[in-house]
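Peer 1: Predicted model, plus sequence, below.
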Amino acid sequence: MSSLSIFTNKEEITSIKGIKVPLYQGGYNQKILYISGVAMRISKSQNLPVMDGAGAMATLAESIAGHLSQNSDSLFRVKVVPPGEIHIELMDSTLAAWLQNLIVAKKTGDLVNNFLDDQLPTSLSSLKVFAIQYAHSRCCSLLRLGQNEGLIELDRTDFNGFMAVNSIPLLNCEQKLLLDHFDESFLIYQLVKVVDDLVCADSSSIDWEKAGGNLSQAFERFWCNCRIWGEVKIHDPELAQARLGLLIATQLVLRCVLEDKLGIVAPVEL
């Protein structure tokens, strides 16, 4: 399931001569950013001044770029931020490919029930859980409506969720995300954060009730400010489809949090 995660888990990228180099997601600024403090690791391991380590980090950044891009400069931007950080900003085309991989049928059908926790939380807030369940059921309702109105074709999965039968338009002719509204970007940011936690983090260290709550709140902001029907459907059907695709991803990840991490039902309707 590492292909579901935005950031790489390759040994060539996460180690330098046996030294592990973690990446962590940066704060939200309408972009998906990963940060690595590799220069500090280098300077400590080799007793180098920080700025010498930063010089070595610049070379590492080029190595990371070459490995991840695979002869393509369209996946991410890499820059060195003194005194000791690498910033990796994901390009729109990378995010679109990730979303497409998540939402199209048979790509990630094992997302739900693939991250089952042996130890489920013993106490949950009923109000917080209901908010997550409501967001999930609302996503499902909107997706059914989108299918009924001919905007999208859905495939009902084995775990009672929805995925897209065909690819969803996510990029414009300039290879920029159609989903560029502030609240669309914030929902994508929360999706990336939760999926990265699902795939790469020690689940025992994650507050899944909080993570699900943050994702459900991001969905509510998106739904309040990013319309699908009416003029959007008539004049910009590709944007309407892209927003439905974002709902597919949200529904899948919310279901995974509810069923696999919190051990409760993810209702299709309330």
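Peer 2: Yes, it's here. Residues are numbered from 1 along each chain as shown.
Peer 1: How about the contacts made by L239?
Peer 2: If you count contacts by Cβ atoms under 8 Å, 6 or more residues apart in numbering, L239 has them with L178, V232. All C-beta atoms are positioned from the backbone trio N, CA, C, and that covers glycine.
Peer 1: which stretch of helix or strand covers it?
Peer 2: helix 237-256 (DSSP states H and E).
Peer 1: where along the chain do the strands fall?
Peer 2: 15-16, 19-20, 24-25, 33-36, 76-81, 85-90, 154-156, 162-164 (DSSP state E).
Peer 1: Minimum distance to I206: which of those has it?
Peer 2: Ranking the strands of the chain by proximity to I206 (Cβ to Cβ) places strand 24-25 first, at 13.1 Å.
Peer 1: Just checking: what are the partner strands of that closest one?
Peer 2: strand 33-36 (antiparallel) (DSSP bridges).
Peer 1: ranking the strands of the chain by burial, who's on top?
Peer 2: strand 162-164 (a mean of 23; mean count of other Cβ atoms under 10 Å).
Peer 1: Which elements pack onto it?
Peer 2: Packing contacts for strand 162-164, counted by 3 or more Cβ pairs under 8 Å, 6 or more residues apart in numbering; DSSP states H and E, involve helix 126-148, strand 154-156, helix 237-256.
Peer 1: can you pull up the bridge partners for the closest residue to G26 other than its chain neighbours?
Peer 2: With sequence-adjacent residues excluded and distances taken as Cβ to Cβ, 6 or more residues apart in numbering, G26 is closest to L33, at 3.7 Å. Per DSSP bridges, the residues bridged to L33 are E89.
Peer 1: Does L33 touch Q25 like I think?
Peer 2: Yes: between L33 and Q25 there is a contact at 7.1 Å, judged by Cβ atoms under 8 Å.
Peer 1: can you list the weak-confidence ranges in the stretch 101-250 of the chain?
Peer 2: Scanning the stretch 101-250 of the chain for pLDDT under 70 picks out 106-123, 157-160, 201, 203.
Peer 1: try 90 this time
Peer 2: The model of the stretch 101-250 of the chain has pLDDT under 90 over residues 104-127, 155-163, 165, 198-206.
Peer 1: Would you map the helices across the stretch 151-270 of the chain?
Peer 2: 182-200, 208-225, 231-235, 237-256 (DSSP state H, counting those that start in this stretch).
Peer 1: Would you mind giving the domain segments of the protein?
Peer 2: Segmentation of the chain into domains, based on automatic domain parsing, reads 2-90, 94-261.
Peer 1: start to end distance for stretch 176-188?
Peer 2: 14 Å (Cα to Cα, to the nearest Å).
Peer 1: Pull out the buried residues from it.
Peer 2: L177, L178, L179, H181, D183, E184, S185, F186, L187, I188 (16 or more other Cβ atoms under 10 Å).
Peer 1: sorry, back to before: of the strands of the chain, give the one that comes closest to T250.
Peer 2: Here strand 162-164 is closest among those (Cβ to Cβ), at 10.8 Å.
Peer 1: gap between E220 and A135?
Peer 2: In this view, E220 and A135 are 7 Å apart by Cβ to Cβ, to the nearest Å.
Peer 1: higher neighbour count, those two?
Peer 2: A135 (23 against 16; other Cβ atoms under 10 Å).
Peer 1: Touching, the more buried one and T250? I think so.
Peer 2: Yes: counting by Cβ under 8 Å, A135 touches T250, with 7.5 Å between them.
Peer 1: Now for the two: what residues contact both?
Peer 2: Contact criterion Cβ under 8 Å, 6+ apart; residues shared by A135 and T250: L215, F219.
Peer 1: ok, back up a step: using a markdown table, please lay out the helices of the stretch 151-270 of the chain together with distance to S93.
Peer 2: A markdown table is the format used below for the helices of the stretch 151-270 of the chain (distance: least, Cβ to Cβ, whole Å):
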| stretch | distance to S93 |
| --- | --- |
| helix 182-200 | 14 |
| helix 208-225 | 21 |
| helix 231-235 | 23 |
| helix 237-256 | 14 |
